[in-house]
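Colleague: all I have is the shape, not the residue letters:
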């Protein structure tokens, strides 16, 4: 199978030549996928659904949108797996498909957002206080800190949502998904230097935006 | 008012972590997952079935994660039971054939 966990679970692969066996195993798995083997595809979905969902949720910021998008990612993978040449790891390719679809959806949502009413921001700002409303002083030791924590989280979520998709993707891939610069470069199709500079700018923009909204510097 | 680098009790406070680290931990806190990810397999199969107009995941059996052995077994046993019940119900209706006493028809010779 394609994943390291599955490979490790297989006794044949224990010992030397794990990487080679893993490559072979992934190649065979990809061949099955290219033949439109439904069972292989079921395995692929089960293997990657949590990772894909987590990534698209972070990119889109909404659970209902993320679930819909995660399904769409796998449908597109099913359609396009025949074109996958194996130049990169399967997981990297899946990330690439996910990120590209998310960026398209974000652009679509932004267009719709700008055309229609802008309800997100007031709701997001109210949400922090609304969540805090249900909490009494008896419930927590430090209610002020808790409310402050909620507010910071909401502000950070809002600021991430305000980042342009190109900046948001590198920030999420690096700081939340813990991918290497090389992997991010493969996923985004950007040179590593551009990834680094874009990441630096994304962090600066996010920090500045959070500080402006909170009215204090991030420590 | 406290001195920078000291807390309210005057104890020395450790230097703040790297700005990138504090930003990263703030991001992780804001985007942490509180609910488990949903199971998307059934939805994916349904979409593929609809968009391929039934070419993939078409028969309703292959949509299962594993070969549905239990379903096959239960269906077989159910069919055997239906056959048994039908036999039991219908067998009393089956009688022995009524004997027919047919006599050979008389042969009449037509005179020339």
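Modeller: It's in. These numbers were taken from a predicted model, which means no experiment stands behind them.

Colleague: show me where chain A has its helices.
Modeller: A:4-9, A:18-34, A:38-60, A:63-80, A:90-115, A:120-133, A:143-162, A:165-171, A:181-188, A:192-214 (DSSP state H).

Colleague: in CSV: the ones you listed, plus distance to chain B.
Modeller: Placement of C-beta: from N, CA and C, glycine included. As requested, the helices of chain A are arranged in CSV below (distance: least, CB to the nearest CB, whole Å):
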stretch, distance to chain B
helix A:4-9, 15
helix A:18-34, 12
helix A:38-60, 4
helix A:63-80, 4
helix A:90-115, 12
helix A:120-133, 11
helix A:143-162, 4
helix A:165-171, 7
helix A:181-188, 14
helix A:192-214, 6
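
Colleague: which one, of these, ends up nearest to residue B:25?
Modeller: helix A:143-162 (10.7 Å; CB to CB).

Colleague: now do that closest one, average pLDDT.
Modeller: Across helix A:143-162, the average pLDDT comes to 77.

Colleague: so for stretch A:153-170, what gets flagged as buried?
Modeller: Under the neighbour-count criterion of 16 or more other CB atoms under 10 Å in any protein chain shown, stretch A:153-170 has A:153-161, A:163, A:167-170 buried.

Colleague: so, low pLDDT: which residues of chain A?
Modeller: Within chain A, the segments meeting pLDDT under 70 span A:1-17, A:115-150, A:218-219.

Colleague: find the centremost residue of it, please.
Modeller: residue A:55 (1.9 Å; CA atoms, centre = their mean).

Colleague: which residues does it contact?
Modeller: Neighbour list for residue A:55: A:95, A:98-99, A:102, A:172, A:177 [criterion: CB atoms under 8 Å, 6 or more residues apart in numbering or on different chains].

Colleague: farthest-separated two in the residues you listed?
Modeller: Every pair of these checked by CB to CB; the farthest is A:102 and A:177, at 12.6 Å.

Colleague: residue 57: what's it in contact with?
Modeller: Because you didn't say which chain, this covers chain A. A:63, A:66, B:33.

Colleague: that's the wrong chain, I meant chain B
Modeller: A:38, B:45-46, B:48-49, B:63.

Colleague: same thing but at 7 Å, please
Modeller: A:38, B:45, B:48-49, B:63 (CB atoms under 7 Å, 6 or more residues apart in numbering or on different chains).

Colleague: ok, now residue A:95?
Modeller: By CB under 7 Å, 6+ apart, the neighbours of residue A:95 are A:55, A:187.

Colleague: and if we set it to 8 Å?
Modeller: A:55, A:173, A:177, A:179, A:183, A:187.

Colleague: okay, now the residue nearest to the fifth one when sequence neighbours are not counted: neighbour count?
Modeller: Okay, so that is residue A:183. Once flanking residues are discounted, residue A:183 sits nearest to residue A:92: 5.9 Å by CB to CB, 6 or more residues apart in numbering or on different chains. Residue A:92 has 17 neighbouring residues, counting by other CB atoms under 10 Å in any protein chain shown.

Colleague: residue A:92 reaches residue A:184, doesn't it?
Modeller: No - at 9.6 Å, residue A:92 does not count as touching residue A:184 under the criterion of CB atoms under 8 Å.

Colleague: if you count surrounding residues, which of residue A:102 and residue A:177 has more?
Modeller: residue A:102 (25 against 16).

Colleague: how about that one: what's its closest non-neighbour residue?
Modeller: Ranked by CB to CB, 6+ apart and with sequence neighbours excluded, the top spatial neighbour of residue A:102 is residue A:59, at 4.0 Å.

Colleague: wait, what's in contact with residue A:166?
Modeller: A:103, A:198.

Colleague: distance of it from residue B:98?
Modeller: As for residue A:166, its distance to residue B:98 is 92 Å (criterion: CB to CB, to the nearest Å).

Colleague: up against chain A, what does chain B have?
Modeller: Residues of chain B that fall close to chain A, judged by CB under 8 Å from any CB of the partner chain: B:16, B:19-20, B:22-24, B:26-31, B:33, B:35, B:37-41, B:43-45, B:47-48, B:51, B:56-57, B:62, B:65.

Colleague: between the two ends of stretch A:52-69, what distance do you get?
Modeller: 9 Å (CA to CA, to the nearest Å).

Colleague: actually stretch B:55-68, not the one I wrote
Modeller: End-to-end distance for stretch B:55-68: 20 Å, by CA to CA.

Colleague: what pLDDT, on average, does that stretch get?
Modeller: Mean predicted lDDT for stretch B:55-68 stands at 68.

Colleague: distance from stretch B:32-50 to the middle of the chain?
Modeller: 14 Å (CA atoms, centre = their mean, to the nearest Å).
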